[in-house]
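**Student:** Turn this into a structure:
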Amino acid sequence: MGRILILFSFLLVMSAFTIQTFWRSLSGKSTIELINRLPLLFSPANYVYLCWLLIFASLVVWIVHCYKHRNSNSVTSLQTTLFAISSIFLISFFIAWHNGQNGIAIFLFVLQLLSLFGLYITYPLTTENIKIRIPIALFLSWSLFFFITFMSYIIVYFNWHGFGLSNALWAVILLTFGTAIALHLRYHHFDIVAPIIFIWGYVGIAIQNGLEELLVTTAALFLCGVLIAGILFVKKNRGY
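**Tutor:** Numbers count the residues shown, from 1 in each chain. All right, here's what the predicted structure looks like:
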């Protein structure tokens with residue numbers, strides 16, 4: 001019961017803080033305002049960020065499941081610790097980013113992803129566990145997508161033109177990188193959630209860029225097709 005209370009407490013704090021940060025303000029501005037102040041090409045339309053609400057709702061379902069099956073040790077001490085740590089790192093990331101400490105923010109976000117991935121892989125690759133893992137998969141996949149969005153922000157913020165590439169080409173590279181991650185999770189971890197989350201984000205990127213950045217829009221929609229193919233034809237595991 002103590003683990004369930006810890007999970008619920010950290011989820012409550014993390015969700016309340018994230019909602020406040022994204023749609024109200026932290027240090028005088030919301031996260032959406034922070035993102036939209038720069039001409040990011042790897043940045044979805046604002047409605048895409050409502051995915052946070054889906055994630056928090058799914059995590060509530062996960063905790064309720066853990067509570068109902070508490071007598072069968074449905075959540076371990078390691079899983080509880082990793083979830084708590086990932087929540088702390090996420091909150092710390094937002095604080096650092098909003099206060100202009102971009103280097104620290106990158107470091108904290110990487111730690112958040114590592115702790116969350118650690119939680120993700122604690123679930124064995126069996127049919128039942130893959131289904132139970134869905135809320136964690138949602139959280140991880142969305143965190144990966146948002147990390148790439150954040151790195152796009154960093155590239156534009158520092159006006160970096162590495163290797164002489166334009167912002168549009170860097171956006172396409174980041175889109176391709178995200179697709180590779182989603183397909184990796186699909187194939188090696190039997191995860192259908194990751195491609196769906198990236199499709200959701202990429203459609204939002206296409207809508208946001210429209211005809212003004214046709215290269216990025218075309219790449220985003222094409223890679224959506226690749227991800228759909230990955231969902232339909234990568235069937236290494238029968239559990240999904």
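**Student:** got the buried residues for the worst-scoring helix or strand of the chain on mean pLDDT?
**Tutor:** Least confident helix or strand, the chain: helix 127-132 with a mean of 81, by mean pLDDT, DSSP states H and E. Across helix 127-132, burial judged by 16 or more other C-beta atoms under 10 Å covers 130, 132. In short, each C-beta sits where N, CA and C put it, glycine included.
**Student:** and after the top helix by length along the chain, which helix or strand comes next?
**Tutor:** Longest helix in the chain, counting residues (DSSP state H): helix 134-157. Using DSSP states H and E, the helix or strand that follows helix 134-157 in sequence is helix 167-188.
**Student:** Send me the helix or strand just after that next one as CSV with only the CA atoms.
**Tutor:** Toward the C-terminus, helix 167-188 is succeeded by helix 193-209 as the next helix or strand (DSSP H and E). Coordinates of each C-alpha in helix 193-209 appear next as CSV, following Å, rounded to 0.1, in the frame of the first residue of the first chain:
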residue,chain,number,x,y,z
VAL,A,193,2.4,2.9,-28.6
ALA,A,194,5.7,4.6,-29.7
PRO,A,195,4.8,4.8,-33.4
ILE,A,196,1.3,6.1,-32.6
ILE,A,197,2.7,8.8,-30.4
PHE,A,198,5.2,9.9,-33.0
ILE,A,199,2.4,9.8,-35.7
TRP,A,200,0.4,12.1,-33.4
GLY,A,201,3.3,14.5,-33.1
TYR,A,202,4.3,14.4,-36.8
VAL,A,203,0.8,15.2,-38.0
GLY,A,204,0.9,18.2,-35.6
ILE,A,205,4.2,19.2,-37.1
ALA,A,206,2.8,19.0,-40.6
ILE,A,207,-0.2,21.1,-39.6
GLN,A,208,2.0,23.6,-37.9
ASN,A,209,4.4,24.1,-40.9
